[in-house]
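Undergrad: take a look and give me a structure for this.
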Amino acid sequence: MRILIVGGVAGGASAAARARRLSENAKIIIFERGEHVSFANCGLPYHIGGVIPDRQKLLIQTPEALRKRFCIDVRVRTEVQKIDRIQKMLTVQDLVTGKEYQEAYDYLVLSPGAAPIKPPIPGLDLPEVFTLRNIADMDRIKNCVDSHLKKRAIIVGGGYIGLEMAEALRTRGLGVTIIELSSQVMGPVDPEMAYYLHEELRKNGAEIKFGVSVKGFYKQGDEILAELSNGQKIPGELVVLAIGVKPEVKLAQEAGLEIGERGGIVTNEEMKTSDPYIFAVGDALEVDDLVTSTKALIPLAGPANRQGRIAADNIFGRHSIYKKTQGTAICKVFDLTIAMTGASEKILQRLKKPFEKVYIHSPNHAGYYPNAKQISMKLLFCPNSGKILGAQAVGMDGVDKRMDVLSVALRAGMTVFDLENLELCYAPSYGSAKDTVNFLGFVASNLMRGDVGICHTADVVHLKEDQVVLDVRSPQEAQAGMIPSAINIPIDCLRDKISTLSKDKEYLVYCQVGLRGYLASRVLTQNGFKCKNLSGGYQTYKASLGNSR
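TA: Next comes the predicted model:
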């Protein structure tokens, strides 16, 4: 059997290695357009920033190693020009010699990946304007930073690459300006969660310009001027385009394979394309979203690896299926970590799917143990069943393990009631007896059971005539900042002053993070008052309103 694979890195290399483990007799060839067949593309910014000083550590597998260990024929600097589906033949070009030749296949695996988006604007061909996709791109950026005394960089786009490059270049001592068309960085999360990233970026000296695009880049002496859509001109000495990526589907499209509505290659759950002898894996695919069942483009390394393995299984008759993508992801931004899984509020609103949400802010481990750090979390769930729809978290420590738990809970179809009962490891230095994930379950389950009503920032901003905002924090906290028009009755004084409140009003109660507000709501409810607790408290209120300054 002859298995030809177009593209290496995560999906293609995984398919090749799995295929060899399943068959010692198959002829396996990988064609890779670049000079590196398998590298840690997620680690590229960290070599530029100096966190990973040894470049070789990013080279996961070399052609020589793959030949020696797996007997796989790896041909780098080789581009597949055409797929002849009738003859089951590839036309291939050696990019070094220019020679063209043909290779026959029994099965073909496409793993072309995704390419950086480059808008049609002037100046993209300037030598100081970069994208970051592979080792060669990384080398060019690092050489530019290393060999010249660069002082300022412009980063276009505030997604994963943009944020990681902002940190890398600030670490190297460059000034950084991030230009972002939307009103927030890290588009997959909701605005009030991205707020913490904005504060962290500014704290570390990065400037952010929201709501503007770049019309062009122009050389002016040793500098580059980025002309913005608002007429402003931003100076810099190097530019990193990190607007996003789009699936590389040219080869598949020219071969007549089905391309989906989102622009990715269409496959079934076995990773087969519209041609039963051609499989596709990785960032070039259109996948099914686990939560919304809509088509999506989700370029992540974990799914690409699994898809490569599944494709190889099915080539050899082992029925293996890909069980959709839930978009579990994480990103480091200076001292903060942000992570997510499942659907965001933005997506659920756009699809008009019913949901409820709660927020908590709790320490990553026991508060009495030194160096406890706050984690801010958001949980989205079905208002009828309590089934988990999505989660987001941001903090300094412990974010990853909480999001991993929530990712598994979502994948398993668990509800908020299940979160209450999860038995998670505890010691004071690692967590709390009631973990942050348990607390999410408690808060959401209290709402589902009717023990407390909740409200959100929009409710306290747009008050109804019969509503009053009640601040149950201490006077000192209230003096430091409070919601306009709120009255302040500290929680410990509430029972003594409850006679001053009117049962004709509905009280929207808040504290700093939500716990005291919940306790106050229970007091009020059991005394016959109408009330709702502001989920996430004053901290979430500030994050919701202070997002895009």
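Undergrad: for this protein, what are the low-confidence residue spans?
TA: 547-549 (pLDDT under 70).
Undergrad: of all residues in it, which one is nearest the centre?
TA: With distances taken as CA atoms, centre = their mean, the chain has residue 329 as the residue nearest its mean C-alpha position (4.5 Å).
Undergrad: distance check, that residue against residue 433.
TA: 29 Å (CB to CB, to the nearest Å). (C-beta placed from N, C-alpha, C; glycine too.)
Undergrad: now do residue 379
TA: Going from residue 379 to residue 433 by CB to CB gives 20 Å.
Undergrad: out of the two, which sits in the busier spot?
TA: The neighbour count for residue 379 versus residue 433, taken as other CB atoms under 10 Å, is higher for residue 379 (27 against 10).
Undergrad: that one: which element?
TA: strand 374-381 (DSSP states H and E).
Undergrad: equivalent analysis for residue 186, please.
TA: Residue-wise, residue 186 maps onto no helix or strand under DSSP H and E.
Undergrad: so what's the residue lying closest to it once chain neighbours are set aside up against?
TA: Once flanking residues are discounted, residue 186 sits nearest to residue 194: 5.1 Å by CB to CB, 6 or more residues apart in numbering. By CB atoms under 8 Å, 6 or more residues apart in numbering, the residues touching residue 194 are 184, 185, 186, 338, 547.
Undergrad: what's the farthest-apart pair in those residues?
TA: Greatest spatial distance among those (CB to CB): 338 and 547, at 14.0 Å.
Undergrad: higher neighbour count, those two?
TA: residue 338 (26 against 18).
Undergrad: that one falls within a helix, correct?
TA: No: assessed with DSSP: H, G, I helix; E, B strand; the rest coil, residue 338 is strand; it does not lie in a helix.
Undergrad: run through the bridge partners of it.
TA: residue 331, residue 394 (DSSP bridges).
Undergrad: where do the strands sit along the stretch 351-500 of the chain?
TA: 356-363, 374-381, 388-395, 454-455, 467-471, 487-488 (DSSP state E, counting those that start in this stretch).
Undergrad: what are the phi and psi values for residue 227?
TA: Main-chain torsions, residue 227, degrees, to the nearest 10: phi -90, psi 120.
Undergrad: for it, the count of nearby residues, please.
TA: Close neighbours of residue 227, defined as other CB under 10 Å, add up to 17.
Undergrad: ok so, going back, comparing the strands of the stretch 351-500 of the chain, which comes out most buried?
TA: Mean neighbour count (mean count of other CB atoms under 10 Å) peaks for strand 388-395 among the strands of the stretch 351-500 of the chain, with a mean of 27.
Undergrad: show me what that one is packed against.
TA: On a contact count with 3 or more CB pairs under 8 Å, 6 or more residues apart in numbering; DSSP states H and E, strand 388-395 meets helix 191-203, strand 336-342, helix 345-350, strand 374-381, helix 399-411.
Undergrad: off-centre distance for it?
TA: Centroid separation between strand 388-395 and its chain, computed with CA atoms, centre = their mean, to the nearest Å, is 11 Å.
Undergrad: only C-alpha atoms, please: export that strand in CSV.
TA: The C-alpha trace of strand 388-395 is given here as CSV (Å, rounded to 0.1, in the frame of the first residue of the first chain):
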residue,chain,number,x,y,z
ILE,A,388,-22.6,22.8,30.6
LEU,A,389,-22.2,24.8,27.3
GLY,A,390,-18.9,26.6,27.9
ALA,A,391,-16.5,28.0,30.3
GLN,A,392,-13.8,30.7,30.5
ALA,A,393,-11.2,31.5,33.1
VAL,A,394,-8.4,33.9,33.7
GLY,A,395,-5.8,34.2,36.5
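Undergrad: and the angle from that strand to helix 399-411?
TA: With axes from the mean of the first three to the mean of the last three CA atoms, to 10 degrees as the basis, strand 388-395 and helix 399-411 are set at 180 degrees to each other.
Undergrad: next, the angle from strand 388-395 to strand 336-342.
TA: Using the same axes, to 10 degrees: strand 388-395 against strand 336-342 is 180 degrees.
Undergrad: could the contacts of residue 194 be laid out in TSV, adding distance to residue 35?
TA: Below are the contacts of residue 194 laid out as TSV (distance: CB to CB, whole Å):
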residue	distance to residue 35
184	37
185	32
186	32
338	33
547	42
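Undergrad: buried residues of stretch 414-432, list them for me.
TA: Buried residues in stretch 414-432, counting neighbours by 16 or more other CB atoms under 10 Å, are found at 414, 415, 416, 418, 419, 420, 422, 424, 431, 432.
Undergrad: any idea how far apart the tips of that stretch sit?
TA: 22 Å (CA to CA, to the nearest Å).
Undergrad: that one: how far from the chain's middle?
TA: Centre to centre, stretch against its chain (CA atoms, centre = their mean), the figure for stretch 414-432 is 24 Å.
Undergrad: could you show me where the helices are in the stretch 201-350 of the chain, in order?
TA: Shown for the stretch 201-350 of the chain, the helices assigned by DSSP state H, counting those that start in this stretch span residues 250-254, 301-315, 345-350.
Undergrad: dump the ones you listed to CSV, plus mean neighbour count.
TA: Formatted as CSV, the helices of the stretch 201-350 of the chain follow (neighbours: other CB atoms under 10 Å):
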stretch, mean neighbour count
helix 250-254, 16
helix 301-315, 23
helix 345-350, 17
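Undergrad: dump the ones you listed into JSON lines; add distance to residue 371 as well.
TA: Converted to JSON lines, the helices of the stretch 201-350 of the chain look like this (distance: least, CB to CB, whole Å):
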{"stretch": "helix 250-254", "distance to residue 371": "51"}
{"stretch": "helix 301-315", "distance to residue 371": "30"}
{"stretch": "helix 345-350", "distance to residue 371": "31"}
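Undergrad: looking at those helices, which is closest to residue 155?
TA: Nearest of the helices of the stretch 201-350 of the chain to residue 155, taken as CB to CB: helix 301-315 at 21.8 Å.
Undergrad: what's around the closest residue to residue 302 other than its chain neighbours, how many residues?
TA: Nearest non-adjacent residue to residue 302, counting by CB to CB, 6+ apart: residue 328, 7.4 Å away. Neighbours of residue 328 under the rule other CB under 10 Å: 22.
Undergrad: got the contact list for residue 328?
TA: Going by CB under 8 Å, 6+ apart, residue 328 touches 300, 302, 339, 340, 341, 342, 403, 404, 407.
Undergrad: do the same with residue 372
TA: Counting by CB under 8 Å, 6+ apart, residue 372 has contacts 363, 364, 365, 366.
Undergrad: how near is the first one to residue 496?
TA: Taking CB to CB as the criterion, residue 363 is separated from residue 496 by 30 Å.
Undergrad: burial measure for residue 20, as a count.
TA: 18.
Undergrad: thought residue 74 was touching it, still the case?
TA: No: with contact defined as CB atoms under 8 Å, residue 20 does not reach residue 74; the gap is 11.9 Å.
Undergrad: and residue 100, how far is that from residue 94?
TA: For residue 100, the distance to residue 94 (CB to CB) stands at 8 Å.
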